[in-house]
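Engineer: okay, sequence plus prediction incoming.
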Amino acid sequence: MDIFVILEDNHGSVHKMSIEAIVAAQSLNGSISAIVIGENHKDLASEVSSFNLKEILTVNNSLVESYSADGYTEVLHHIINQKKPDLIICGHTYQTRDYIPRLSARNDIPFIPDVIEIKDNLYIKQVLNSKLNASCSSDSGTLIISVQSAAFNGEDIEEGTPLINPFEIQINSEKVRSTSETPFIEDAGDIDLESADILVSIGRGIEKKENLQIGFDLAKTLGAEVSASRPVVDAGWLESYRQVGSSGASVSPKLYLALGISGAIQHVVGMKGSKFILAINKDPDSPLFEISDYAIIGDVLEIVPKLNQALQDL
Ligand SMILES: Cc1cc2nc3c(=O)[nH]c(=O)nc-3n(C[C@H](O)[C@H](O)[C@H](O)COP(=O)(O)OP(=O)(O)OC[C@H]3O[C@@H](n4cnc5c(N)ncnc54)[C@H](O)[C@@H]3O)c2cc1C
């Protein structure tokens, strides 16, 4: 099986979810080509040059120096027509969601988005707000899938020595009519959630802004950073750069302590790659307990100060 993985340029580096897409490809029995497009193609190719891939195809063309939906569609349309891969994999990022449906329609190839597992030629994805898993298959000669954040672990990457092959392409400039503005960079504040070993994450269960201090006190004792679910940010209680989830940061700390967070899918996609998850919630049926390693059923306002004191007394 010939598998192509489309790598995303994330401010000059390979997007974390593109590495996870390579791991997804490596879990299948096939020969893998990675595709890098744009002005940073050399840096991106070099970043994956020690991975177990057959080749890295680099595309360098003035019309696709930076991302545009029609430019990327045009390039990939040609690559697919010429190379005829069986499977194309990418991370389920905002960029993917922008141009892959267009590519799917242009090449008449089915697209299965947001896949969490690949098993026996079946592509598993969550449906109905993650209440059910659907197994999808395709009898089309070529298929595109995107993989959900943290469904595959970037640390499982296999090493190798791929060839780096430039892919020469003539693009009709009339097909590339849009240009993108400078990529948006979120204000990261002075904290780095993505590289934190421990996160104390605060949800709506904290009840009011005045109660946030118990989360910060626990974080200080543990040497952790403080993150949050979206309602806490929307309420203006914490800065937006602390938000974890589909519209916030994707984190994978060694320990994720969730204080009063229910476990909505939009939150879970941003933190399920955490090594250990400890959730405190007064609702025993909280969906987050289903993916937690440790569950404490009770009131965060009562438990967190006691836990903090106990840790300080150690
Ligand atoms: C397009 C879109 C994007 C989104 N993006 C994100 C995102 O990036 N990140 C995100 O987090 N959400 C996101 N959301 C919102 C998401 O759907 C949920 O609404 C949100 O995650 C819920 O946050 P929460 O768990 O803190 O609050 P709730 O769902 O209200 O849960 C609060 C939890 O606290 C518990 N609780 C209450 N009081 C206590 C107490 N005293 N002690 C212990 N437990 C208590 C409750 O039992 C409950 O389980 C998005 C939604 C949409 C539609």
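Structural biologist: Received the coordinates, thanks.
Engineer: which residues touch the closest residue to residue 138 other than its chain neighbours?
Structural biologist: Of all residues not flanking residue 138 in the chain, residue 110 sits nearest, at 5.0 Å (C-beta to C-beta, 6 or more residues apart in numbering). Where C-beta positions appear, they are placed from N, C-alpha and C, glycine not excepted. Counting by C-beta atoms under 8 Å, 6 or more residues apart in numbering, residue 110 touches 104, 138, 140, 143, 144.
Engineer: now do residue 110, the pLDDT please.
Structural biologist: Predicted confidence (pLDDT) for residue 110: 98.
Engineer: separation between it and the ligand?
Structural biologist: Taking C-beta to the nearest ligand atom, to the nearest Å as the measure, residue 110 falls 25 Å from the ligand.
Engineer: if I look at that residue, how far off is residue 163?
Structural biologist: From residue 110 across to residue 163, the span is 29 Å (C-beta to C-beta, to the nearest Å).
Engineer: for the spatially most central residue of the chain, give me its contacts.
Structural biologist: The centroid of the chain falls nearest to residue 149 when counting by C-alpha atoms, centre = their mean (3.0 Å). By C-beta under 8 Å, 6+ apart, the residues touching residue 149 are 17, 20, 91, 92, 250, 269, 270, 273.
Engineer: okay, and which of those map to strands?
Structural biologist: residue 91 (DSSP state E).
Engineer: next, format the contacts of residue 149 as a markdown table and append distance to the ligand and neighbour count.
Structural biologist: Formatted as a markdown table, those follow (distance: C-beta to the nearest ligand atom, whole Å; neighbours: other C-beta atoms under 10 Å):
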| residue | distance to the ligand | neighbour count |
| --- | --- | --- |
| 17 | 15 | 25 |
| 20 | 18 | 27 |
| 91 | 16 | 27 |
| 92 | 14 | 23 |
| 250 | 9 | 20 |
| 269 | 8 | 22 |
| 270 | 6 | 26 |
| 273 | 14 | 20 |
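Engineer: adding pLDDT, write the contacts of residue 149 out as JSON lines.
Structural biologist: Listed next are the contacts of residue 149 as JSON lines, based on pLDDT from 0 to 100:
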{"residue": "17", "pLDDT": "90"}
{"residue": "20", "pLDDT": "93"}
{"residue": "91", "pLDDT": "94"}
{"residue": "92", "pLDDT": "91"}
{"residue": "250", "pLDDT": "82"}
{"residue": "269", "pLDDT": "86"}
{"residue": "270", "pLDDT": "88"}
{"residue": "273", "pLDDT": "84"}
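Engineer: residue 179: which of the contacts of residue 149 is nearest?
Structural biologist: The nearest member of these to residue 179, counting by C-beta to C-beta, is residue 91 at 23.3 Å.
Engineer: ok so, going back, of the contacts of residue 110 - the most surrounded one?
Structural biologist: The most crowded member of the contacts of residue 110, judged by other C-beta atoms under 10 Å, is residue 144 (26 neighbours).
Engineer: what does the helix or strand where it lies contact?
Structural biologist: Applying DSSP states H and E as the criterion places residue 144 in strand 143-147. The contact list for strand 143-147, computed with C-beta under 8 Å, 6+ apart, reads 17, 20-21, 24, 86-93, 96-97, 100, 103-104, 109-116, 118, 123.
Engineer: how about a cut-off of 7 Å?
Structural biologist: 20-21, 24, 87-92, 96, 100, 103-104, 109-115, 123 (C-beta atoms under 7 Å, 6 or more residues apart in numbering).
Engineer: just stretch 9-16 next, same as before
Structural biologist: By C-beta under 7 Å, 6+ apart, stretch 9-16 touches 7-8, 38, 40, 43-44, 47-48, 91, 93, 154, 183, 185, 250.
Engineer: can you lay out the residues you listed as a markdown table showing secondary structure?
Structural biologist: A markdown table is the format used below for the contacts of stretch 9-16 (DSSP: H, G, I helix; E, B strand; the rest coil):
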| residue | secondary structure |
| --- | --- |
| 7 | coil |
| 8 | coil |
| 38 | coil |
| 40 | coil |
| 43 | helix |
| 44 | helix |
| 47 | helix |
| 48 | coil |
| 91 | strand |
| 93 | coil |
| 154 | helix |
| 183 | coil |
| 185 | coil |
| 250 | coil |
